[in-house]
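> Below is the structure, and that's it, no one-letter string:
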C-alpha cells in the first residue's frame, strides 16, 4: 500500500504546542477535552494562550519528544515495512539533524519518499540525510489507478496560494506548481480540513487527518466523492466557488 502525509514537523516547538503536546498538559487530556467540545481551532488557541499567559515561550512549553513519538507511532500503526510512505515536505524544523534522522529511522517503512517543503531545502545538500529516502525531489508524481498521474507538492497549486498564508504568493509562487488539470496532493497550509481550494486538490497534512497518514485507497475515495462532474454532488466545473481552507491560528 502507498501512504501520503506531510508536515511532520519533527522537533518544531510551535507546531508541537498547537497540536497539544505541552508540559502544562502532559497527558493531553485538557487539549483533547477542548478539541472534542469546540474543535481544533479553539484547542489550538487554548494551547497558545495558555503558553503566553504563563509568560513562557513555545520552546519552553513544547513537549517535542511526545509529539514526535506520537507522529511516528501513528504512522507505524498503518504503514508496514513493505509499504511506501510519501512525506510531502516540512519534515522537521528548529531541531538537530541527528534528531531528524532518528525520527525517520524510527518509521517502520523501508520505502520512504519525499518532496521538499519550505523548511527542507538543506536536505538536498546533505548526502547522509538524503540517503534516508528512496527519492527526494522539489516536486514529484505518482500513478494512481483510477486517477492517472497525480502531482505531489508541498504547496497548493500556484493559483491557490492566495487562499493559504497571507504572504505565500510572494514567497512561494516560484516553488508551487501551476494548475495543469491533474489531481494534486499537498500540505503546507496546516488547514484543518482535507478540502483544497479546488476539487482537484487534496490536503494530506497531518492536521487535517487526525495526525494520521492517508492511504492511496482513501485518496481515491476522496476524489471519487468530490468529483465535480458527479451528479450526486450537484456541481460542475462551471462552479468556481472556493471553499474555506479552515486555516489554523498560527
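That came in fine, so what should we check first? These numbers were taken from a predicted model, which means no experiment stands behind them.

> ranges for the strands of this protein?
2-5, 84-87, 111-115, 135-137, 140-144, 148-152, 183-186, 201-203, 214-215 (DSSP state E).

> who are the neighbours in contact with residue 170?
Shown in contact with residue 170 (Cβ atoms under 8 Å, 6 or more residues apart in numbering): no residues. Heads up, the C-betas are built off the backbone N, CA and C, glycines and all.

> how close does it get to residue 164?
Distance from residue 170 to residue 164, counting by Cβ to Cβ, to the nearest Å: 12 Å.

> just residue 103 next, same as before
In terms of Cβ to Cβ, residue 103 sits 25 Å off from residue 164.

> With residue 187 instead?
10 Å.

> what's the answer for residue 184, then?
In terms of Cβ to Cβ, residue 184 sits 13 Å off from residue 164.

> try residue 115
From residue 115 over to residue 164 the distance is 17 Å, taken as Cβ to Cβ.

> What of residue 62?
Shown here: residue 62 relative to residue 164, a distance of 24 Å by Cβ to Cβ.

> what's the closest non-adjacent residue to the residue nearest to the spatial centre of the chain?
With distances taken as Cα atoms, centre = their mean, the chain has residue 205 as the residue nearest its mean C-alpha position (2.3 Å). Spatial nearest neighbour of residue 205, excluding adjacent residues (Cβ to Cβ, 6 or more residues apart in numbering): residue 187 at 4.2 Å.

> contacting residues around the one you found?
5-7, 88-90, 117, 154-155, 203-205.

> before we move on, what about residue 90?
Per Cβ under 8 Å, 6+ apart, neighbours of residue 90: 6-9, 117-120, 154, 187-188.
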